[in-house]
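Novice: quick check, what structure comes out for this input:
(chains A, B and C)
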Amino acid sequence: MVPEIGADAAPYIIFIAAIFTNNILLSNFLGMCSFLAISNQIKASFGLGMAVTFVLTMTATINWVVNAYVLIPLKIEYLQFIAFIIVIAALVQFVEIVIERFSPALYFALGIFLPLITVNCAILGVCLFMVRRHYTFAQALGYGVGSGLGWMLAIVAIAGIRHKLRFSNVPKPLEGVGITMILAGLMAFAFMGFAGMVDIK
Amino acid sequence: MADQVIKRSALLKWFKGKNATTMLEQVWAENPIFRQILGICSALAVTNLMKNTLIMCGALIFVNVCANMIISALREFTPRRTRMITQVLIIATFVIIVDLFIKAFAYEASKQLGAYVGLIITNCIIMGRAEAFASRNSVRLTFWDALGSGLGYSVVLIAVALMREPLGFGTLLGYRILPAGFVEWQLMVLPPGAFIGLGIFIWIGRAVAPEKVEEAPK
Amino acid sequence: MKERLYVIVFVVLLGLVAAALLTVANSVLFPKYEQNVEREAKGNVLIALSIPGWDKARVKTATIEEIKATFDKYIVAVPAEEKPDFYMGYELKEDGTKGDLVGYAFKITGAGFWDRISGFLAVDPEVEKVIGITFYEDAETPGLGHKINEPEWQATWVGRSIYRPGTDEPWIGITPVRRDKPANEVDAISGATETSGAVQKFLNKQLKEFVEKVKAYKAGQ
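Specialist: Predicted coordinates:
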């Protein structure tokens, strides 16, 4: 059922790696668009990070099941993108309803960013990478949770730095996206130092 | 002689027409990456090699134009509540077609591009233009807008790749262009180089053509 | 109610049109993709077994028919081409039929530092020494891990023993550069500790499986 050969790493190692050495944002560049506008508010970044982590965990696992039990047996792997994005859209819709019910304040703070989680490259990216790497279910779970936390770590850290920068003399053309890119670059640089921290293979 | 003059003035007239301005606006003034901050993800991922960059740009333009034209054609019929899922479905269909195409005819590149071709689905440019333009304008204008934003995206990606591949590999499109003694900047090939490179380009882009600052309403 | 029905009909219709379009596209384009995969796999088996005249450049420019023809002449897949455990490579006699066994080749693949690494390892007919190694898929850091593709590094594998000295436990070490290495070790790529470690891990796992399978095959002959 699980094709060919999977990565040998234990799920908890994939989990740790997804946060530090294979950070979905700093190593794979995914999930930048929606956060660039929000990343100078630490609290909102945190809230968004939690929502994304939840969605990532659910979509990684559900899409793993869909891939293994529907797409592969029926030989319709080419419809993978469509199946995945529909699952993601449905799940985000569900999360929206839940948040609106239980925390109207957070719902209001996140605003348009909540439905935009659907098109957050990180979510679809995690699902696609999980398939490409032939992860088992447990590995996919570890990867989903880890990627979410790693993404959250990256954006909260960048939000924190941007918050500190608000009184600095950033050149006008560099304000906003530009300086955030450079920040992300330096942070990606730093995270590369984590390589070898866990025996990921 | 007379028809040369006519040809030139017709060309000039075209450039001033609605189609061209719609397109050109997307290429520079409202460039999706500099101004609207869309489509960053793939700008960072594939630009360490010019060949992959060109294939990615071609793929994006194809999907952007085709999907947005269909979205525009269906705009009167699409129920409001399902707008987003309809757009996503149409975009995903074209991305799958492009992905199959690249796997069939550019196999080496498809291995290197990996999941990033599929991620065109979530590329904010396509969704952004669908929501902001295609769902409200004619198919003909949508074509030019989509072509323009695709070109605007390509311009930025090619610029970044022009920096990353030579400095990181010493080559361009696989051909060695820097002297053999040149020590490659490993960093350009890896994520930090991509982020910082794009940051620098945005800096340059915005410095060269600053946004018009609007008067804040009193 | 009418609105709800319209929404459902719209989405379903859209879905059907999309699915139809994609099924057509898939049936046209997917076979070409499968061909690409096949030519890559078969071509690299030829390279690993050092079939005369076949290197990376040749595999890139050759047509699928050429590769298949050469493959069929020199190679036998065991147990079957669809799901091979390993490949057997032969010399060719003058009349074009298979002559002496030149070696065995099997696929090595696993998670590298960045993404998947795939290749083939070839051993001699006695299943004691390496006769070739090649990689055809990797996303390792250029100049570091990506150097596993360099002929100079791959050449250091030729002649290495596949067993730990004095035992019959198959294990090849990819270890830091040192003089007087045991016969079953090769030098790692300096600066590419992660990639080297990754390759060592999956290669040895698959080496062990291969040795078991080939011994069973030979016993059954």
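Novice: what about the helices in chain C?
Specialist: C:2-48, C:56-61, C:64-74, C:151-155, C:193-220 (DSSP state H).
Novice: and residue A:41, how many neighbours?
Specialist: Applying other Cβ atoms under 10 Å in any protein chain shown, we find 15 residues neighbouring residue A:41. The C-beta positions use only the backbone N, C-alpha and C, and glycine is treated the same way.
Novice: and it, what does it touch?
Specialist: Applying Cβ atoms under 8 Å, 6 or more residues apart in numbering or on different chains to residue A:41 gives the contacts A:159, A:163.
Novice: 10 Å instead, please
Specialist: A:47-48, A:109, A:159, A:162-163 (Cβ atoms under 10 Å, 6 or more residues apart in numbering or on different chains).
Novice: how about residue C:178?
Specialist: C:185, C:187-188.
Novice: closest to chain B among these?
Specialist: Comparing the contacts of residue C:178 against chain B with Cβ to the nearest Cβ picks out residue C:188 as the nearest, at 18.2 Å.
Novice: run a quick neighbour tally on that closest one.
Specialist: 20.
Novice: who wins on neighbours among the contacts of residue A:41?
Specialist: Neighbour counts for these (other Cβ under 10 Å) peak at residue A:48, which has 28 neighbours.
Novice: that one looks like it's in a helix, true?
Specialist: Yes. Checked against DSSP: H, G, I helix; E, B strand; the rest coil, residue A:48 lies within a helix.
Novice: that one reaches residue A:112, doesn't it?
Specialist: No. At 11.3 Å, residue A:48 does not count as touching residue A:112 under the criterion of Cβ atoms under 10 Å.
Novice: next, the distance between the ends of stretch A:164-183.
Specialist: Counting by Cα to Cα, to the nearest Å, you get 12 Å between the two ends of stretch A:164-183.
Novice: now swap in stretch B:179-188 and tell me
Specialist: For stretch B:179-188, the first-to-last residue distance is 17 Å (Cα to Cα).
Novice: residue B:41 and residue B:121 touch, don't they?
Specialist: No. Residue B:41 lies out of contact with residue B:121 (Cβ under 10 Å); the separation is 11.4 Å.
Novice: shared neighbours, these two?
Specialist: Counting by Cβ under 10 Å, 6+ apart, the residues touching both residue B:41 and residue B:121 are residue A:121.
Novice: next, find the distance separating the one residue sitting closest to the centre of chain B from residue A:34.
Specialist: Geometric centre of chain B, nearest residue: residue B:153, 2.5 Å, by Cα atoms, centre = their mean. As judged by Cβ to Cβ, to the nearest Å, residue B:153 and residue A:34 stand 18 Å apart.
Novice: would you map the strands across chain B?
Specialist: Ranges of strands in chain B, per DSSP state E, are B:171-172, B:175-176.
Novice: chain center to the last one, what's the gap?
Specialist: Yep, that's strand B:175-176 we're talking about. Averaging C-alpha positions (Cα atoms, centre = their mean, to the nearest Å) puts strand B:175-176 25 Å from its chain's average.
Novice: pull the residues that contact that strand.
Specialist: The contact list for strand B:175-176 (Cβ under 10 Å, 6+ apart) reads B:50, B:166, B:169-170, B:182.
Novice: same thing but at 8 Å, please
Specialist: So strand B:175-176 is in contact with residue B:170, going by Cβ under 8 Å, 6+ apart.
Novice: any weak-confidence spans in chain A?
Specialist: Low-confidence segments of chain A, defined by pLDDT under 70: A:1-8, A:37-40, A:196, A:198-201.
Novice: what's the longest helix in it?
Specialist: Longest among the helix segments of chain A by residue count, using DSSP H, is helix A:137-165.
Novice: for it, name the packing helices and strands.
Specialist: Here helix A:137-165 touches helix A:11-19, helix A:42-66, helix A:121-132, helix A:177-192, going by 3 or more Cβ pairs under 8 Å, 6 or more residues apart in numbering or on different chains; DSSP states H and E.
Novice: can you give me the buried ones in it?
Specialist: A:139-159, A:161-162 (16 or more other Cβ atoms under 10 Å in any protein chain shown).
Novice: residues touching residue B:116, list them.
Specialist: Going by Cβ under 8 Å, 6+ apart, residue B:116 touches B:42, B:45-46, B:56.
Novice: roughly how far does it sit from residue B:102?
Specialist: Separation of residue B:116 from residue B:102 (Cβ to Cβ): 11 Å.
Novice: ok, for the most centrally placed residue in chain C, nearest residue in space, not its chain neighbours?
Specialist: The geometric centre of chain C, computed from its C-alpha atoms, lies nearest to residue C:119 (Cα atoms, centre = their mean), at 3.1 Å. Counting by Cβ to Cβ, 6 or more residues apart in numbering or on different chains, residue C:119 lies nearest to residue C:135, which is 3.6 Å off, once chain neighbours are set aside.
Novice: residue C:149 is in contact with that neighbour, correct?
Specialist: Yes. Using Cβ atoms under 8 Å, residue C:135 makes contact with residue C:149 at a distance of 5.4 Å.
Novice: the two: which is more packed in?
Specialist: The neighbour comparison of residue C:135 against residue C:149 (other Cβ under 10 Å) goes to residue C:135, with 23 against 16.
Novice: so what's that one up against?
Specialist: By Cβ under 8 Å, 6+ apart, the contact set of residue C:135 is C:117-119, C:148-149.
Novice: switch to 10 Å and redo it
Specialist: Applying Cβ under 10 Å, 6+ apart to residue C:135 gives the contacts C:44, C:47-48, C:108-109, C:112, C:117-121, C:146, C:148-150, C:154, C:199.
Novice: low-confidence ranges, chain B, go.
Specialist: The model of chain B has pLDDT under 70 over residues B:1, B:33-37, B:210-218.
Novice: what do you get if the cut-off is 80, keeping everything else the same?
Specialist: B:1-18, B:21, B:25-43, B:81, B:174, B:177-189, B:205, B:208-218 (pLDDT under 80).
Novice: now do the helices in it.
Specialist: For chain B, applying DSSP H gives helices covering B:2-16, B:18-27, B:40-45, B:50-73, B:83-105, B:107-113, B:124-129, B:139-169, B:186-189, B:191-208.
Novice: for the shortest one, packing partners?
Specialist: The one in question is helix B:186-189. Where contact means 3 or more Cβ pairs under 10 Å, 6 or more residues apart in numbering or on different chains; DSSP states H and E, helix B:186-189 is packed against helix A:177-192, helix B:139-169, helix B:191-208.
Novice: tell me how far it lies from the chain's centre.
Specialist: With Cα atoms, centre = their mean as the basis, helix B:186-189 stands 23 Å off its chain's centre.
Novice: ok, residues contacting that helix?
Specialist: With Cβ under 10 Å, 6+ apart, helix B:186-189 has contacts from A:185, A:189, A:192, B:47-49, B:160, B:163-169, B:192-194, B:196-197, C:141-144, C:146, C:191.
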